[in-house]
Every structure is written in C-alpha cells, then in structure tokens.
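Colleague: Got a predicted structure here, sequence first:
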Amino acid sequence: MKEEDEKYRDEDIVGAVNRFKRSLVSGMTKYFDVAEFEGIVEQLLDEGDFNGAEIAAKQGIQIHPNAISLQLKHAQVLISRGEFKEALEMLSMIEKIEMNSPDLHLLKGSAQMMTDNETEALLSFKKAIKYAGSEIDDILYNISSAYIQVGEIPKALYYLEKTIKANPKNEMALYDLGFFYDQTGKYKKSISFYNKYLDLDPFSHAVWFNLGTVFNKTNKHKKAIEAYEFALALKDDFYMALFNIGNAFANSEKYEKAIEKYKEFIAVEPNNDDAYCYIGECYLNLNKEKKAAVYYRKALDKNKKNDVAWLGLGLIFWINKKFEESIVHIKKAIKIDAKNAEYWLTLGKVNADFNKKESAIKALKHAARLDAGNTEIWLTWAELFLAFDEMNSAIRIVRKGIKNNTDSVLKYRLVALLLESGKEREALKLLKIAMEQEFEMINFLFDIYPDSASNKKLKKAVDKFKADNNFE
C-alpha cells in the first residue's frame, strides 16, 4: 500500500511540475499546496533547472509565507546555485524560528562545507543528527553527500557506514558504498556492499554491471562475466555489458571468445572505434598481426584521432622490424595523447632497437617525467646504456630511478650492476636494504645476473637474512 501511495504521489508531482511549467509560459501564477511546491522545487533541481526551482520556491513562499519547509527549499536552491553566503543568511533567519529542524542544520552544514568551514559544518551536522528522529538514515546519507561534493571520500564513507547501521536497507547508501569503495581500491568491501544491495533488489542491471567491473579489476573474470550476463539479461539493450564481457574474456586471455563478444557489440554499435581497437589487440595477442592491423585501421576509419589504434599499428610495424614506420605511427599516437608515459616508453624501446640512442634517451626522459613510478622506464633506460657498453651511465640511471621510485626491483637491478662492475661492498649493502623491503624478489637478481648465485659473500648474506627472518 505504501508503494502504491508513493507511486500516486510521484504522478501527482509530475502533473504539478507540468502545470507549473505551463504557468511560466503563460505568465500566470498558479496555486499549489505546500507539498506540491516542495515536489516542484525538488524535481526542477533534479533537472538542473535552478532558475525555475528558485521561481517555484519564491512563489510558494508568497502563497504560503509561514511554510518553513518552502523557505528551506529556497535555501537549498541557493546552495545549488553556489550562493552560499545568501543561503547561510537565510538559514540563520529560519533558525530563529525553527531551531529543531534537522533539514535546516543539514543545509547549513552543506553550505559551510562548500565555504571551507568544516569545523562549523561538523557542528551543524551534529545538530542535524540530534534532531533527526526517525529520519536518521536520510540525514546521515545526506551528510555523506555533502562530503562527496567537496571530495572528502573517506569521511563520506564513514557517514555512509553509519547510514547502513541506522538502516541496513538504505539502497542509496549501499550503492554509494559499493561505488566509492571501488573507486578507492577497496574491492572486497565494494563487492560486499553491492551484494547487499542485490539481496534487496536483485533486478538492478546497473548494480550487476558495477559488480562485474569490480570482479574484473580483481581478476575474478568468470564471476565478472556472470555479473555482466545478469545485467544484459535484465536489460537486453544494455550493450556496455556485452562489451565488458569481451573485456573479461580478454583479461583472462580467452582472446577468441573476447573477439566474438566484441563483434556482437559492433553489430549493434557499428561506429564504436574502441571496440575495433580491442579486437585488434586480441588478434595481436594471438600473433595474428595482419588481422590486428585490419581492425586497427577500421578503428581509424571511424575515428582518425584514436591514439590506441595508431599505437597498435606502430607495435605491428615494430614486431616486423619496420622501425621507421613504427616510429611514425607511435608519434601520431603521442600527438593525440602527449601525456601518456607508456607511449613515450614504447617510442624509446623502438628507437633503442633501431640503434637510435639519442632519440631513445629523449623519449625515455619524457616518459620518466610523466611517470617516474613506472619501473619499466628506468629498467629500459639502463638496458639502453648497457647495449652501448655504458655501465656507469646504466648505474647512474638506476640510482636516479631509485630516488623517484620505491620499487624493490630497481634496487635488485642496481645490486646486479654493482656486482658486475666490481663494486661488491656497495652491492651487498644495497642488497640488505632490498631484502628488507621485499625478500621475495631475490630471484629477480639471480635471473638477471646468474653469477650472483655463486658469489660466496652474497650467498652468505642471503642465508643469514633468511635465518634471521625465519624464511625457509
């Protein structure tokens, strides 16, 4: 019965909004009761029509001057328009009349947050919670939304968790918890909250899709495919689910199945140039360069500015040792996306293979400036110098990499270079630091410099470390 009442109420509001819009065109003010004006303002705010919402709020106050709820709606409109000072002045006046309104303190806190006054906002939010009564989960949820607006996601998550404690069936809070835990990389929690949402509403195609995306990120590709298939079953024209099924197959290295799904997607979205690129990448992984090139070119037929397609063709030319053509195509990708460190790294690698040392160094410098945390850039740069018998330069670059990158791989690489250049004491000192950081990577050292395994001092240092730290 409650759901039916809400349905009829929604229909009433839609009718009221339409009548209000017609009144604006005609220039004649229409009568609406307080609840209708509230609904009109809320609906117009949802539509992004701030001017219309303000007119509705002001008309409502003229007709119902004692309606505090409409004055609060007007303050809400001012906040939506970014007029925070005016909103706070209005709320202060309302507070003198109705100080126990949770909505008043909620709006006040939201405005204070937007004006970087978090201390005052927190006090306002505490008052909103104090006076919330049976609406406590709605108030907590809206406080979380205020923190989301200013980018304070950890604090928003705190209030979302409190919302769920107050009402475990608050679907909006469950959805946001799933979404923001995904965004912050806490995938286990994201999956948990999306599943709790689906326990309440198993027919939400959007949540099944989001859940599939989290499974994809955590390499649970089979579960990702199942989730995407549920999303597609619930909404058969939800083609992004079909596209992402292809992604899940590709991520699990089932390239033939991925190609099949991407082609199904292209059948309904023939102008999607990214899908052609993904097919090209799958064929590239299957060592079918000619077919890959066909699809990269099809992507470019749809969109000449598809940098991934230009890069893909560049990779194919590189594989076939056509270095000049490869460089031309990679540079086209870089022209479109000059801030992509991977593109500059690839350009550096191709130039290195082409014995274009200075061009390779220039590209790798650019890559390092863009993404110093990319270990491969520093390793590639060191290998370039080693190819030209410049051991000291290789050591210098890895040292520089370590200053900009905490990855233990670089430390082990430097240990190998120091041993190879006869700097055993320094190598053993650095080895201890590397082992303390990540002992499991010791095999990387043995792989890149097999002679290190027969170095007696090094072996003694490794055995002592294992004994001291209970490694088997």
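Modeller: Yep, that arrived. Numbers count the residues shown, from 1 in each chain.
Colleague: The stretch 101-250 of the chain: helices as residue ranges?
Modeller: Taking DSSP state H, counting those that start in this stretch, the helices of the stretch 101-250 of the chain run over residues 102-114, 118-130, 136-149, 153-166, 171-183, 187-200, 205-217, 221-234, 239-251.
Colleague: nope, the stretch 251-400 of the chain is what I meant
Modeller: Along the stretch 251-400 of the chain, the segments classed as helices by DSSP H, counting those that start in this stretch run 255-268, 273-285, 289-302, 307-319, 323-336, 341-353, 357-370, 375-387, 391-404.
Colleague: Distance to Asp451, mean pLDDT and mean neighbour count for the ones you listed - can I get that in a markdown table?
Modeller: C-beta here means a position set from N, CA and C on the backbone, and glycine is covered the same way. A markdown table is the format used below for the helices of the stretch 251-400 of the chain (distance: least, Cβ to Cβ, whole Å; pLDDT from 0 to 100; neighbours: other Cβ atoms under 10 Å):
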| stretch | distance to Asp451 | mean pLDDT | mean neighbour count |
| --- | --- | --- | --- |
| helix 255-268 | 39 | 97 | 18 |
| helix 273-285 | 35 | 97 | 23 |
| helix 289-302 | 37 | 97 | 18 |
| helix 307-319 | 32 | 98 | 23 |
| helix 323-336 | 33 | 98 | 18 |
| helix 341-353 | 25 | 98 | 22 |
| helix 357-370 | 27 | 97 | 18 |
| helix 375-387 | 15 | 97 | 20 |
| helix 391-404 | 15 | 96 | 18 |
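Colleague: Of those, which is nearest His74?
Modeller: Proximity to His74 (Cβ to Cβ) singles out helix 273-285 among the helices of the stretch 251-400 of the chain, at 45.0 Å.
Colleague: what packs against the closest one?
Modeller: Other elements packing on helix 273-285 under the criterion 3 or more Cβ pairs under 8 Å, 6 or more residues apart in numbering; DSSP states H and E are helix 239-251, helix 255-268, helix 289-302, helix 307-319.
Colleague: The third one vs helix 323-336, what angle?
Modeller: So the one you mean is helix 289-302. Here helix 289-302 points in a direction 30 degrees away from that of helix 323-336 (axes from the mean of the first three to the mean of the last three Cα atoms, to 10 degrees).
Colleague: which residues touch helix 289-302?
Modeller: Residues from elsewhere that reach helix 289-302 (Cβ atoms under 8 Å, 6 or more residues apart in numbering): 271-274, 276-277, 279-284, 306, 308-310, 312-313, 316, 319-320.
Colleague: let's see it at 7 Å
Modeller: If you take Cβ atoms under 7 Å, 6 or more residues apart in numbering as the criterion, helix 289-302 is touched by 271, 273, 276-277, 279-280, 283-284, 306, 309, 312-313, 316, 319-320.
Colleague: go on, stretch 238-253?
Modeller: Outside stretch 238-253, the residues that reach it (Cβ under 7 Å, 6+ apart) are 205, 209, 212-213, 216, 221, 224-225, 228-229, 231-232, 257-258, 261-262, 264-265, 268-269, 275, 278, 282.
Colleague: same deal with stretch 175-183?
Modeller: So stretch 175-183 is in contact with 144, 153, 156-157, 160, 164, 189-190, 193-194, 197, 207, 210, 214, going by Cβ under 7 Å, 6+ apart.
Colleague: Which single one of those is nearest to Pro102?
Modeller: Once Cβ to Cβ is applied, the member of the contacts of stretch 175-183 that ends up nearest Pro102 is Ser144, at 14.7 Å.
Colleague: pretty sure the closest one is touching Leu160, no?
Modeller: Yes - with contact defined as Cβ atoms under 7 Å, Ser144 reaches Leu160; the gap is 4.6 Å.
Colleague: Neighbour count: the two, which is higher?
Modeller: When Ser144 and Leu160 are compared for neighbours, Leu160 comes out ahead with 30 against 26, by other Cβ atoms under 10 Å.
Colleague: so what's the more buried one up against?
Modeller: Contacts of Leu160 by Cβ under 7 Å, 6+ apart are Ser144, Ala173, Asp176, Leu177.
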